[in-house]
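**Student:** whatever this is, show me its structure:
(chains A and B)
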Amino acid sequence: EPEVTQTPSHQVTQMGQEVILRCVPISNHLYFYWYRQILGQKVEFLVSFYNNEISEKSEIFDDQFSVERPDGSNFTLKIRSTKLEDSAMYFCASSAAGVLFFGSGTQLSVL
Amino acid sequence: AQKITQTQPGMFVQEKEAVTLDCTYDTSDPSYGLFWYKQPSSGEMIFLIYQGSYDQQNATEGRYSLNFQKARKSANLVISASQLGDSAMYFCAMRESAGGFKTIFGAGTRLFVKA
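**Tutor:** Presented below is the predicted three-dimensional model:
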């Protein structure tokens, strides 16, 4: 069964460093997303991506964040200068027509 | 603006009994979709069930059913014959058809199934 793949599963970084979280969405999906979840609480929308551009982004998704689909399979989230409050589980998701399918997440810890 | 509300932070149910998890929503878009996801302690997000705003019948998937009350803007999840493996966090979510394609989530309800 096709699935969304995220790497790495855990990432530890120092405050101020750049991190790139990687995702391989399901191959025939057209819509891609990043969400984050702090300490098992609410799942917060960050950004949606369609047709090679951002279709919507939340207030959380400020200038420190960027997304890219560098080739036909990968979808990345870059945090330019990490802050302590960026520590969270980051989920990538993709969809064909509504239902989101999630990856297993990257746990980001900013020290 | 779209909004999802789950008012039950935690729920307990006896094994083999049914349980209802509440969800209300607010949107001005006439076309939208409602979803429920399960998040076990391992952390993955598992899709359970979907209801479209124009669907006439309530959605069902095995032991899961969605009690869709459109006029009341509620989309409660009913789990029948609870099992110990149903213990998890449950999130209600909504996606509007108008622009952005984003899906927003409620705060979640943690379900505990007692043996």
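
**Student:** got the residues of chain B near chain A?
**Tutor:** B:33, B:35, B:37, B:39, B:43-45, B:47, B:50, B:89, B:91, B:93, B:95, B:99-108 (CB under 8 Å from any CB of the partner chain). (Glycine included, C-beta is placed from N, CA and C.)

**Student:** so which of the residues you listed are in strands?
**Tutor:** Counting by DSSP state E, the residues of chain B next to chain A place B:33, B:35, B:37, B:39, B:47, B:50, B:89, B:91, B:93, B:95, B:103-105 in strands.

**Student:** ok, back up a step: among the residues of chain B next to chain A, the buried ones, what's the ChimeraX command?
**Tutor:** Only the buried entries of these go into this ChimeraX selection, using 16 or more other CB atoms under 10 Å in any protein chain shown:
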select /B:33,35,37,39,43,45,47,50,89,91,93,95,100,101,102,103,104,105,106,107,108
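
**Student:** widest-spaced pair of the ones in strands among the residues of chain B next to chain A?
**Tutor:** Pairwise distances among those were taken by CB to CB; the largest, 20.5 Å, belongs to B:Gly33 and B:Met89.

**Student:** any idea how far the residue of chain A found nearest chain B lies from A:Tyr31?
**Tutor:** Residue nearest to chain B within chain A (CB to the nearest CB): A:Glu56, separated by 3.1 Å. When distance is defined by CB to CB, to the nearest Å, A:Glu56 is 11 Å away from A:Tyr31.

**Student:** show me which of these two is the more surrounded one.
**Tutor:** A direct count of neighbours by other CB atoms under 10 Å in any protein chain shown for A:Glu56 and A:Tyr31 places A:Tyr31 higher, at 21 against 16.

**Student:** that older thread, what's the pLDDT at the residue of chain A closest to chain B?
**Tutor:** Looking at A:Glu56, its pLDDT is 91.

**Student:** noted, bye for now.
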